[in-house]
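Novice: model the structure of this input:
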Amino acid sequence: MILGVYRPADVALGRDGKRHPLEPVINEFQIHFGHSPVDMERAMTKQFIQAFLDTEPNRLGAEFQDALFQHTRGHALFTIEMLRSMQKRGDLFKDASGRWIEGPNLDWQTLPARIDGVIRERIDRLPEQLKDTLRVASVEGEEFHAEVVAQVQKVDSWTVARQLSGVLDKQHRLVTSQISRRVGSQRLSHYRFRHILFQQYLYTSLDKVEKAFLHEMVGNTLERLYADQTEAIAVQLARHFHEAELNEKTVQYLVQAGKRALKLSANKEAVAHFNEALVLLPSCPDNRERVALELDLQIGLGMALIAIKGYAAAEVEHTYIRARELSHQAGNMHLLFQVLAGLWVCYFVRAELNMARELGRQLLDLGKKEQNPVVYLHAHRTLGATLCAMGEFKTAIAHCEQGTALYRIQHQRHHDSLVYGQNPGVVYPAYAAIALWSLGFPDQALNRSRESIALAKELDQPFSLAFSLGMSSFFHHLRREEIIVRKRASSALRLSTEKGFSQWIVSGIILRGWALTQQSRENTEIKAMRQALDGWQATKANLVSPYFMLILAEAYAVTGQIDAGLTTLAEALTVAKNSGERWLAAEVFRLQGELMLKQGKADTEIDAIYSQALDVAIQQKAKSFELRTVMSLSRLRLNQGRQAEALQMLTETYRWFKEGFDTPDLREAKAMLEAIS
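Specialist: I've put the predicted structure just below:
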């Protein structure tokens, strides 16, 4: 693995025709290992790293290759020597089959003696003043600002820029200029070390005291230069203040970095920043400022965990419970509303709907007490969604409409999306669509569903878009539109897989599987659908579990697996009874009757099940579910020879509708009426 060296022609000459300082090293390589040339023009790439590693059998994966490239940038000599050093230290060793593998502890920081010597020779040519300039630059990192170096050294920026762009770049080839841009009224000149090992060598030449002083000076300078735009460099500032052992400022910038990651939908990165801040928090002074800082941190962590682990995860609940304690300590009613909203979404997705409704009422009371329209906005969101899930469609619509009106007045789109991870302007019409369809207004419902997707695309918020696509697939499933369901579910699945939105991955698999099964009449998707449902329930997410079970039962039915379908529906009814999620109860009963009919059960049993479905639909004023149940009952009556009764009940229900006559259900009802008449 380590026998390749430079071609002598590549390094034979140094500057001005003099002997290159690397030539003795190359000659020694050739004496000991023979001539195995490395073409420098083809090195300096990841491809070179991979090809060079593969000259010997190994099990060094992509992560190791990326780390090696990061530390050597594909530089042939540095790569060879880094590998040689790691082998000698035992960081890399051969397994029983003779392949190189990683040891338990890889040391990337210790430079091999030969590399250290080559770099030392380059640096030692410099005057002490220029060495100091580079040492300060190395503290900022591989990339740095001329203005930061200048202010730390207390010299003017133009002097430092001339040193960097002149002798250190053009003559010694140690740094290179990147860009010059303005942040506010301040010009910032960006430079980069030509090789990360130059930066590491200079940084490790500083002792602990020097590093602490310089990190604090660099951090303070960056704060001044970036002023009110520090969010863009929050991660760097957190690192500098951490190295300077200023933990309170470190936590502040880690929280800022986590919030920025949330805005960019980099949720795993956000969780890492927030958790790092939590580790450091106990070392901060125990005062009101620390309480406020932790409260801010816990709310952000809760939102990131929702996106990664799902709404119902235990970590989400624990995070928001802690945040509720802190909000009472801080007496911050605005943040209390965010915490209650976070807890609500956790209990809502767990289908602990009575608790969810109580939290919604608490939010509504808080809005009245504080006369805060933002709290009202989200209180209506919580109650609209909860009541829709409980099958109280008319009340749900009222809350959705009030929330939509408030949203249109406020236009606080980006701020509001951070409460749940989804923008309320996207959420209201999505739930309104489900409720309106259930109540028998298919066209109005379709307009609201389209409104939700359009706004989500306009806002360019991935989590809001995943939500709207997922809810749209639910809606079009209710309308029995397989092609649209497949399209929406596939889009939600792609986006959610890319971004790691676990809850919408599950719904995407199940709804897409349903659409494919309806079209193919084959059971190839059912296993994946069942696994997705099991995974959903494993996260303690019981909301829409009865719905997913209904979908799975429909897939069983269309592929002739009647017993499996009935077992799944019985499970759905049990889950719904325990949770109070009754929005699909009528349809579950109706489908149960359909499958019992295929089993050849007695008409009296089937009639009783259909009657239960009809009672639920009438109680909920859910005319769309009522129509579907009446059609099933009418078919049963026709088979019993009771044509007049079938005609009467179907006519009465069909005539109630004033819209949606192009939907599959109403087209089928019309065809049945024409056939009976």
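Novice: list the contacts of the helix or strand hosting Leu197.
Specialist: According to DSSP states H and E, Leu197 maps onto helix 196-204. The contact list for helix 196-204 (Cβ atoms under 8 Å, 6 or more residues apart in numbering) reads 70-73, 75, 78, 109, 111, 115-116, 119-120, 122-123, 131, 134-135, 137-139, 141-142, 174-175, 193, 211. (Each C-beta comes from the backbone N, C-alpha and C, glycine too.)
Novice: quick one: pLDDT of His411?
Specialist: For His411, the model assigns a pLDDT of 61.
Novice: list phi and psi for Ser97.
Specialist: phi -90, psi 10 (degrees, to the nearest 10).
Novice: ok, it - contacts?
Specialist: Ser97 neighbours (Cβ under 8 Å, 6+ apart): Pro57.
Novice: ok, Val616 next?
Specialist: Per Cβ under 8 Å, 6+ apart, neighbours of Val616: 391, 582, 585-586, 589, 622, 625.
Novice: now do 7 Å
Specialist: Going by Cβ atoms under 7 Å, 6 or more residues apart in numbering, Val616 touches 585-586, 589.
Novice: identify the residues contacting the helix ranked longest in the chain?
Specialist: Ordering each helix of the chain by length in residues (DSSP state H) puts helix 288-309 first. Residues outside helix 288-309 that contact it (Cβ under 7 Å, 6+ apart) are 251-252, 255, 258-259, 262, 267-268, 270-271, 274, 277-278, 281, 284, 313, 315-316, 319-320, 322-323, 326-327, 329-330, 332, 335, 338-339, 342, 345, 418, 421, 463, 500-502, 539.
Novice: any idea how far it is from the middle of the chain?
Specialist: On the basis of Cα atoms, centre = their mean, to the nearest Å, helix 288-309 is displaced by 16 Å from the centre of the chain it belongs to.
Novice: what residues go with each domain of the protein?
Specialist: Domain ranges of the chain: 5-114, 126-209, 351-460, 461-676, per automatic domain parsing.
Novice: is it possible to get CSV of those domains that adds distance to Ala244?
Specialist: CSV is the format used below for the domains of the chain (distance: least, Cβ to Cβ, whole Å):
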stretch, distance to Ala244
domain 5-114, 20
domain 126-209, 10
domain 351-460, 30
domain 461-676, 34
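Novice: and for Gly219, the neighbour number?
Specialist: 27 (other Cβ atoms under 10 Å).
Novice: which element is it on?
Specialist: Per DSSP H and E: helix 208-226 holds Gly219.
Novice: contacting residues around that helix?
Specialist: Residues outside helix 208-226 that contact it (Cβ under 7 Å, 6+ apart) are 136, 139-140, 147-148, 151-152, 183, 186, 188, 206, 230, 233, 236-237, 240-241, 243-246.
Novice: would you map the strands across the stretch 301-450 of the chain?
Specialist: Secondary structure of the stretch 301-450 of the chain, counting by DSSP state E, counting those that start in this stretch: no strands present.
Novice: mind listing the helices for it?
Specialist: 314-330, 333-349, 353-370, 373-389, 393-410, 413-417, 424-439, 442-459 (DSSP state H, counting those that start in this stretch).
Novice: angle of the second one against helix 353-370?
Specialist: What it means is helix 333-349. Angle of helix 333-349 versus helix 353-370, following axes from the mean of the first three to the mean of the last three Cα atoms, to 10 degrees, is 160 degrees.
Novice: helices and strands around the helix or strand hosting Gln519, which ones?
Specialist: Using DSSP H and E, the element containing Gln519 is helix 502-520. Secondary-structure packing of helix 502-520 (3 or more Cβ pairs under 7 Å, 6 or more residues apart in numbering; DSSP states H and E): helix 462-478, helix 482-499, helix 526-538, helix 545-558.
Novice: list the buried ones in it?
Specialist: Under the neighbour-count criterion of 16 or more other Cβ atoms under 10 Å, helix 502-520 has 502-518 buried.
Novice: could you point out which element follows the helix holding Gly219?
Specialist: With elements assigned by DSSP H and E, the helix or strand that comes after helix 208-226 is helix 234-243.
Novice: low-scoring pLDDT stretches of the stretch 101-250 of the chain, where are they?
Specialist: When residues are selected by pLDDT under 70, those of the stretch 101-250 of the chain lie in 109, 111-114.
Novice: residue contacts, the nearest residue to Leu363 once chain neighbours are set aside?
Specialist: In space, Leu363 comes closest to Ala379 once its chain neighbours are excluded; the distance is 3.8 Å by Cβ to Cβ, 6 or more residues apart in numbering. Contact analysis of Ala379 by Cβ under 7 Å, 6+ apart lists 360, 363-364, 367.
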